[in-house]
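Participant: need a 3D model of the sequence below.
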Amino acid sequence: MKVLHVITGLGIGGAEQQLRLLLNQLPTDSSVVTLTNPGAVARGITADGFPVADLGIRGNRDLGALPRLTRLIRDGRYDLVHTHLYRACVYGRLAARLAGVRTVVATEHSLGAHQIEGRPLTVGARALYLGSERLGTATVAVSTTVAHRLRRWGVPRDRIHVVPNGIDVPRFSYEETARQKARAELGLPADAFVVGGVGRLSPGKRFDTLVRAVAAVPGARLLLVGEGPERDRLHSLAGKLGAADRVLLHGACEDPPPDPGLGDGPDLPALLAAMDLFVSTSEDEAFGLAVVEGLAAGLPVLHVTCPALTDLPADSAPGARQISGTVADLVTELTMRQERFTAGEGPRRLPVPPAARHYDISRSAEQLMSVYDHALRRNGGSPERPVRRPATPEE
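Facilitator: Now for the predicted structure:
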């Protein structure tokens, strides 16, 4: 089966890194085209052995990108086109139709209750989304929560398939040596109580509430992993609260790195190992991948909302606790947990819960292949195709 993945950009982000993980699990002959920004994740995908083409789109109204993408799809003789993220879905579905590819699958990674990909939902954005959705064959929702949102929008039930995000669970196994090394490199005291968060530094993630809460708990440290437009504001806020020396804004972290042997600082599992408590303050999530990663690392987790856990039985993540997300609530929680940490109560790490193992990336790949097979049969095609895996360096 020959598949082209079309994505809006390949800078460091959840959808982008999820695509890279999937490519290494799918038994397909896969290629990737990015509309713009062939960044760090593009380099990682290329290092994995998958070709990446940059369409070089110059903005939302760059209509010349459509014939370029159409030619690329037609020349590649693809069996299926899989689109990721809003702009890629709009361009990719139409281009696939013009190129004569009848089977188009789209993954909806970032549809929140009031935003899509961090931007407010508008009537125009919704209309364009629904108009282009009709050109596709199937729409993949990364959680049941997103599937319900799509149905409320008007996407037909029989076109929606739930394929959750996945993680490479074994990569997040806790290692004491990784913790010690990461703390030394980051300048975090070995005995400090470190609160952590991972995600894009954007207003919707509400990391400012976490900064305020940590600032109000003497001795507590905060390690935030991510980049975004809120970085300077969060840094300034920590300074105003007198906690600049206790708030570390680490920056983005590609997971997995394109070359683990380069030694460009701690990777994501090592950064999670350096933490003692994981907190997600976002009120509007499509899945909650960072929470699942925190659980896989054995961390106790506080979260405001996490569809990934809502979709599972309540006992699937005993180390996770839902909170209101107010500063006062967070201060209470952090104070209590810091006291336990200082007193040496409880293990440093919890057992990996069923929730984390449920979202193993290999399971997600198997489910996605079922969607591919169903979509091809729906259009009269056959899923039985020769498969070419990417060549390894030894080959």
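
Participant: could you dump the helix or strand encompassing residue 89 to PDB, C-alpha only?
Facilitator: According to DSSP states H and E, residue 89 maps onto helix 86-99. The C-alpha coordinates for helix 86-99 follow below in PDB (Å, rounded to 0.1, in the frame of the first residue of the first chain):
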ATOM      1  CA  TYR A  86      -6.500  21.800   9.400                       C
ATOM      2  CA  ARG A  87      -4.700  23.500   6.400                       C
ATOM      3  CA  ALA A  88      -3.300  20.200   5.200                       C
ATOM      4  CA  CYS A  89      -6.800  18.600   5.300                       C
ATOM      5  CA  VAL A  90      -8.300  21.400   3.200                       C
ATOM      6  CA  TYR A  91      -5.500  21.400   0.600                       C
ATOM      7  CA  GLY A  92      -4.800  17.700   0.700                       C
ATOM      8  CA  ARG A  93      -8.400  16.400   0.200                       C
ATOM      9  CA  LEU A  94      -9.000  18.700  -2.800                       C
ATOM     10  CA  ALA A  95      -5.600  17.900  -4.300                       C
ATOM     11  CA  ALA A  96      -6.100  14.200  -3.900                       C
ATOM     12  CA  ARG A  97      -9.500  14.400  -5.600                       C
ATOM     13  CA  LEU A  98      -8.000  16.400  -8.500                       C
ATOM     14  CA  ALA A  99      -5.200  13.900  -8.800                       C
END
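
Participant: what's the following helix or strand after that helix?
Facilitator: strand 104-108.

Participant: which of the residues in stretch 23-38 are buried?
Facilitator: For stretch 23-38, burial by neighbour count (16 or more other C-beta atoms under 10 Å) applies to 23-26, 28-38. In short, each C-beta sits where N, CA and C put it, glycine included.

Participant: any stretches of the stretch 101-250 of the chain with poor pLDDT?
Facilitator: 115, 117-118 (pLDDT under 70).

Participant: contacting residues for the closest residue to residue 283 other than its chain neighbours?
Facilitator: Nearest in space to residue 283, with sequence neighbours left out and distances taken as C-beta to C-beta, 6 or more residues apart in numbering, is residue 304 at 5.3 Å. By C-beta atoms under 8 Å, 6 or more residues apart in numbering, the contact list for residue 304 reads 206, 280, 281, 282, 283, 322, 323, 324, 325.

Participant: on that earlier part again, what helices and strands are in contact with the helix holding residue 89?
Facilitator: If you count contacts as 3 or more C-beta pairs under 8 Å, 6 or more residues apart in numbering; DSSP states H and E, helix 86-99 packs onto strand 2-7, helix 65-76, strand 80-84, strand 104-108, helix 123-133.

Participant: adding mean neighbour count and distance to residue 235, write those out as JSON lines.
Facilitator: Output for the helices and strands packed on helix 86-99, formatted as JSON lines (neighbours: other C-beta atoms under 10 Å; distance: least, C-beta to C-beta, whole Å):
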{"stretch": "strand 2-7", "mean neighbour count": "25", "distance to residue 235": "30"}
{"stretch": "helix 65-76", "mean neighbour count": "17", "distance to residue 235": "36"}
{"stretch": "strand 80-84", "mean neighbour count": "28", "distance to residue 235": "31"}
{"stretch": "strand 104-108", "mean neighbour count": "28", "distance to residue 235": "33"}
{"stretch": "helix 123-133", "mean neighbour count": "14", "distance to residue 235": "31"}
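
Participant: and of these, who's closest to residue 344?
Facilitator: strand 104-108 (44.4 Å; C-beta to C-beta).

Participant: quick one: end-to-end distance for stretch 274-286.
Facilitator: From its first residue to its last, stretch 274-286 covers 27 Å (C-alpha to C-alpha, to the nearest Å).

Participant: I'd like the numbering to begin with 19 instead of 1 from here.
Facilitator: All right, first residue 19 from here; so that's stretch 292-304.

Participant: for it, what is the average pLDDT?
Facilitator: Averaging pLDDT along stretch 292-304 yields 95.

Participant: ok so, going back, taking the buried residues of stretch 41-56 one by one, which sit in helices?
Facilitator: residue 41 (DSSP state H).

Participant: show me which of the buried residues of stretch 41-56 is closest to residue 185.
Facilitator: Using C-beta to C-beta, the buried residues of stretch 41-56 come closest to residue 185 at residue 43, 11.5 Å.

Participant: from residue 237, how far out is the residue lying closest to that closest one once chain neighbours are set aside?
Facilitator: Nearest residue to residue 43, sequence neighbours excluded (C-beta to C-beta, 6+ apart): residue 383, at 3.5 Å. Residue 383 is 43 Å from residue 237, where distance means C-beta to C-beta, to the nearest Å.

Participant: many thanks, we can stop here.
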